[in-house]
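Enquirer: Take a look and give me a structure for this.
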Amino acid sequence: MRFSILGLLCFCLLRSLGAQECVPDPGPPLFFEDFGSGPNPGPNVDNGITNFTYGSIDEGHYVVSNTTALNLANWHDGIDNTAGDTDGYMLIFNATNGPGIFYQMTFDSLCPNTDYIAIYHVANVSLPGACIGFAERPNVRISALDPTNEAVQFTEATGEIWYSSLLTWWEYSLRFRTDNDQTSVLIRLANEAPGGCGNDLAIDDISLHLCNLEIEQTFDLCDLPDGSITVGENLYTEPGTYNDAVPIPNSCNDTLFTTTLTGPVRRLPPIRYTICEGDTLNISGQMFADSISFVDTLANSDPDCPQLQPVEIVVQPSIGATQEVVLCDGDSIQVGNNWYSASGTYVDSLQSSTGCDSVVITSIIAGAIDVAVSPASIDLDFGASISLTSTVDFSNDFILSWQPPEAFSCASCADPIFQPAVSQTYQVIATDNPSGCSASASIEVLVRGCEKVFVPNAFSPNFDAVNDELTVFAEPCFTRLISWRIFDRWGGQVYEAADQAMNGSFIGWDGLARGQEVTQGVYSYQLVLERTDGSIREIKGEVMLLR
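Expert: Below you'll find the predicted structure:
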């Protein structure tokens with residue numbers, strides 16, 4: 001039997017994880033707060049994070065600063081804890097006479113039955129000689145609470161944090177475990193030191209990590225019954241050191257195993273035999289006819305540390321396969337070395353990759369369909385339409401598909417109305433439902449273009465009822481004037497029309513700009529028209545205005 005530590009440990013881990021040490025996950029933390037960086041003073045923290053008042057170093061207040069040199073008579077001149085954080089901020093507190101919450105944060109989307117560790121950094125900012133050498137020392141209690149009722153689940157205090165000759169940052173942590181159905185926790189840092197002179201502190205670099213159980217184990221391969229060990233999903237048979245992260249059931253934690261194996265290799269690479277059904281295999285005088293796996297102990301190996309030879313015998317059954325294939329006109333299928341295209345039943349004897357016999361029975365059904373369309377060639381004006389007729393042979397159960405569908409009144413009808421927008425090849429595809437076979441017929445189409453647009457090159461807005469307005473003349477396939485802008489020789493706009501229907505109600509330019517007559521001369525224009533199919537034509541030109 002292969003020796004596995006996973007099954008032995010799963011139950012024990014769930015019972016004893018709370019009593020063992022764990023290590024923070026080496027990956028990125030689930031949460032990290034360094035309070036940012038910048039010039040002083042820094043911005044206040046969000047509401048609810050602290051019970052202290054922002055803005056000064058008076059008792060019961062806090063500031064966000066990149067230096068502790070805010071009370072040089074009593075405080076250190078020091079910087080935040082974050083490595084490489086230029087002008088990095090920290091929170092600095094002048095504690096109250098009673099308990100006060102320095103910092104609190106609710107963490108959601110946590111995993112039930114999972115160990116976490118909250119890490120934070122604290123510094124006593126008071127100088128050793130502050131308060132005539134009798135400054136109170138901070139004592140911070142960190143607690144994990146149930147956010148629904150603020151019941152304390154885990155808690156630990158730093159004890160007195162003594163002052164030192166230089167500003168010194170201390171790392172503290174709290175390990176906690178979520179309950180069976182718990183997905184959020186409230187982490188709280190509170191003051192427990194008595195009031196009075198001193199008790200001034202800074203906090204920085206608060207983070208939350210998964211906390212995983214770490215186990216180191218060493219085995220001699222000679223002492224393992226099977227000369228191997230399985231850790232999680234990995235099997236190890238050779239000496240060396242191996243690292244595995246094994247998920248803990250019903251938790252987001254892993255167990256981090258460091259496994260060291262010593263001694264010689266005992267378990268040799270497995271030998272695999274494949275035999276065909278009905279055949280036998282002779283191994284050292286013993287006959288095998290069925291699939292089996294076993295481990296042989298080599299007779300000439302060290303009796304105190306014998307070598308083991310895994311053997312696996314696989315019986316490959318005789319393979320019989322039956323397939324039914326529908327072939328459309330012109331299609332064929334290969335079975336072994338043979339190709340088939342006609343209807344009928346075919347039997348082929350093949351060999352599998354292991355050399356065993358295989359019989360394949362292939363039944364072929366021929367499918368057929370044909371389609372024609374009339375007319376097959378069309379020449380018409382842009383915007384015109386025509387009725388098409390399709391004819392389908394060799395099938396009574398079929399579907400039609402006209403392509404591209406936007407040119408047809410019905411994409412699946414037998415006789416649709418056809419209104420092509422561009423010259424190209426259109427087609428109808430007929431598909432036989434029982435067989436899935438399809439055929440197509442093409443329609444070659446020439447669409448005479450929608451291009452003719454005329455803008456006079458001169459007009460005379462002198463109110464003599466002759467050529468007084470400049471307008472646009474276009475084929476009926478142009479249905480909308482998107483925009484028409486006219487400019488003087490300096491580029492100033494003198495006229496604009498937009499989003500107007502191209503019909504008899506359209507009125508052009510009367511030679512006025514902002515109610516005033518413009519001077520005689522040459523004017524340029526930009527014209528954008530839309531066709532019935534939604535396509536656009538842009539035109540640029542010049543016109544002479546005569547007075």
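Enquirer: Going by C-alpha atoms from here, please, whenever you check contacts or count neighbours.
Expert: OK.
Enquirer: Okay, strands next: where are they in the stretch 201-350 of the chain?
Expert: Along the stretch 201-350 of the chain, counting by DSSP state E, counting those that start in this stretch, strands occupy 229-231, 234-236, 240-247, 254-262, 271-276, 281-283, 286-288, 292-297, 308-316, 319-328, 333-335, 338-340, 344-351.
Enquirer: any chance of these in JSON lines, with mean pLDDT, mean neighbour count and distance to Gly449 too?
Expert: Below are the strands of the stretch 201-350 of the chain laid out as JSON lines (pLDDT from 0 to 100; neighbours: other Cα atoms under 10 Å; distance: least, Cα to Cα, whole Å):
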{"stretch": "strand 229-231", "mean pLDDT": "95", "mean neighbour count": "19", "distance to Gly449": "76"}
{"stretch": "strand 234-236", "mean pLDDT": "95", "mean neighbour count": "14", "distance to Gly449": "72"}
{"stretch": "strand 240-247", "mean pLDDT": "96", "mean neighbour count": "14", "distance to Gly449": "70"}
{"stretch": "strand 254-262", "mean pLDDT": "95", "mean neighbour count": "19", "distance to Gly449": "72"}
{"stretch": "strand 271-276", "mean pLDDT": "91", "mean neighbour count": "15", "distance to Gly449": "73"}
{"stretch": "strand 281-283", "mean pLDDT": "92", "mean neighbour count": "11", "distance to Gly449": "81"}
{"stretch": "strand 286-288", "mean pLDDT": "93", "mean neighbour count": "11", "distance to Gly449": "83"}
{"stretch": "strand 292-297", "mean pLDDT": "92", "mean neighbour count": "13", "distance to Gly449": "79"}
{"stretch": "strand 308-316", "mean pLDDT": "93", "mean neighbour count": "17", "distance to Gly449": "70"}
{"stretch": "strand 319-328", "mean pLDDT": "85", "mean neighbour count": "15", "distance to Gly449": "40"}
{"stretch": "strand 333-335", "mean pLDDT": "90", "mean neighbour count": "13", "distance to Gly449": "48"}
{"stretch": "strand 338-340", "mean pLDDT": "91", "mean neighbour count": "12", "distance to Gly449": "50"}
{"stretch": "strand 344-351", "mean pLDDT": "88", "mean neighbour count": "14", "distance to Gly449": "54"}
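Enquirer: Save these as a markdown table, and put in distance to Phe35 too.
Expert: Formatted as a markdown table, the strands of the stretch 201-350 of the chain follow (distance: least, Cα to Cα, whole Å):
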| stretch | distance to Phe35 |
| --- | --- |
| strand 229-231 | 42 |
| strand 234-236 | 43 |
| strand 240-247 | 33 |
| strand 254-262 | 30 |
| strand 271-276 | 61 |
| strand 281-283 | 72 |
| strand 286-288 | 72 |
| strand 292-297 | 62 |
| strand 308-316 | 60 |
| strand 319-328 | 69 |
| strand 333-335 | 70 |
| strand 338-340 | 74 |
| strand 344-351 | 71 |
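Enquirer: Is it correct that Leu210 is in contact with Pro26?
Expert: No - if you go by Cα atoms under 8 Å, Leu210 and Pro26 don't touch, sitting 9.0 Å apart.
Enquirer: Looking at the two, which has the bigger crowd around it?
Expert: Leu210 (27 against 10; other Cα atoms under 10 Å).
Enquirer: now the more buried one, nearest residue through space, not along the chain?
Expert: Tyr116 (4.5 Å; Cα to Cα, 6 or more residues apart in numbering).
Enquirer: right, and the helix or strand after the helix or strand where that neighbour lies?
Expert: Assigned by DSSP states H and E, Tyr116 belongs to strand 115-124. Where DSSP H and E defines the elements, the next helix or strand beyond strand 115-124 is strand 140-146.
Enquirer: And the next helix or strand past that next one?
Expert: Following strand 140-146 toward the C-terminus (DSSP H and E): strand 151-157.
Enquirer: Determine the set of other helices and strands touching that following strand.
Expert: Helices and strands touching strand 151-157, by 3 or more Cα pairs under 8 Å, 6 or more residues apart in numbering; DSSP states H and E, are strand 140-146, strand 169-177.
Enquirer: let's see it at 7 Å
Expert: Strand 151-157 is packed against strand 140-146, with contacts defined by 3 or more Cα pairs under 7 Å, 6 or more residues apart in numbering; DSSP states H and E.
Enquirer: mind checking how far the strand it packs on is from the chain centre?
Expert: 36 Å (Cα atoms, centre = their mean, to the nearest Å).
Enquirer: That strand pairs with which strands?
Expert: As defined by DSSP bridges, the strand partners of strand 140-146 come to strand 151-157 (antiparallel), strand 185-191 (antiparallel).
Enquirer: If you count neighbours, what's buried in the last one?
Expert: Looking back up the chat, that one is strand 185-191. For strand 185-191, the neighbour count (16 or more other Cα atoms under 10 Å) marks Val185, Leu186, Ile187, Arg188, Leu189, Ala190, Asn191 as buried.
Enquirer: got it, and the first one?
Expert: For strand 151-157, burial by neighbour count (16+ other Cα under 10 Å) applies to Thr155, Ala157.
Enquirer: Over to stretch 90-106?
Expert: For stretch 90-106, by 16+ other Cα under 10 Å, it's 90-97, 100-104.
Enquirer: Among those, show me the least confident.
Expert: Among those, Asn97 carries the lowest pLDDT, at 74.
Enquirer: can you pull the contacts of that one?
Expert: Pro194, Gly195, Gly196 (Cα atoms under 7 Å, 6 or more residues apart in numbering).
Enquirer: if you set the cut-off to 10 Å instead, what comes out?
Expert: Going by Cα atoms under 10 Å, 6 or more residues apart in numbering, Asn97 touches Glu59, Gly60, Asn191, Glu192, Ala193, Pro194, Gly195, Gly196, Cys197, Asn199.
Enquirer: if I look at it, how far off is Asp200?
Expert: Between Asn97 and Asp200 the distance, using Cα to Cα, to the nearest Å, works out to 11 Å.
Enquirer: How about Pro306?
Expert: 68 Å.
Enquirer: Run through the bridge partners of the residue nearest to Leu210.
Expert: Beta-bridge partners, per DSSP bridges, of Tyr116: Phe176, Leu210.
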